[in-house]
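Engineer: model the structure of this input:
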Amino acid sequence: MSMKNIGASGYIVKASELETLLPNAIAKAEYRELIENQDWEGVAEFLDGEMPEGFPAFESVFLHGDEDESVDLEQGEIYVEFAESDLFVKTPTPALAKLQGAGIDPKFTRWVVWG
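Structural biologist: Residues are numbered from 1 along each chain as shown. The predicted structure is shown next:
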């Protein structure tokens with residue numbers, strides 16, 4: 001099986017930034033230990049039960065590993081991804097209305113270019 005470069009994008013924060021949302025020192029210490037151990041699955045399970053009410057649910061948790069590539073992300077860091085629809089509301093503009101009026105409907109797409 002060959003390895004492939006798979007593009008990804010999304011709204012993410014370092015898992016460590018969410019520590020401030022935790023209710024007490026014991027929870028913060030347990031959470032910090034999961035991060036230090038690079039236990040991204042443990043972080044996901046922990047956040048499932050500890051995210052305060054009113055905050056958006058996360059989409060995924062991942063460890064940016066040695067073989068992953070990014071200009072912005074740090075190797076060995078755990079990140080938490082949130083759904084764009086939970087954070088932003090998109091509204092059509094007059095420019096989109098003109099395209100759609102002409103029968104043209106742009107679609108959001110992601111891709112990776114090799115080169």
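
Engineer: just checking, what packs against the strand or helix carrying residue 85?
Structural biologist: Using DSSP states H and E, residue 85 sits in helix 84-87. Applying 3 or more Cβ pairs under 8 Å, 6 or more residues apart in numbering; DSSP states H and E, one finds that helix 84-87 contacts no other helix or strand. Yep, even glycine has a C-beta here, placed from its N, CA and C like the rest.

Engineer: just the mean pLDDT for it, thanks.
Structural biologist: Helix 84-87 carries an average pLDDT of 93.

Engineer: chain center to that helix, what's the gap?
Structural biologist: Relative to its chain's centre, helix 84-87 lies at 11 Å (Cα atoms, centre = their mean, to the nearest Å).

Engineer: can you check stretch 79-97 too?
Structural biologist: 14 Å.

Engineer: again with stretch 46-61
Structural biologist: With Cα atoms, centre = their mean as the basis, stretch 46-61 stands 12 Å off its chain's centre.

Engineer: so which residues make contact with it?
Structural biologist: The contact list for stretch 46-61 (Cβ atoms under 8 Å, 6 or more residues apart in numbering) reads 10, 15, 18, 21-23, 27, 30-31, 34, 40-41, 43-44, 78-83, 86-87.

Engineer: give the buried residues for stretch 27-37.
Structural biologist: Buried residues in stretch 27-37, counted by 16 or more other Cβ atoms under 10 Å: 31, 34-35.
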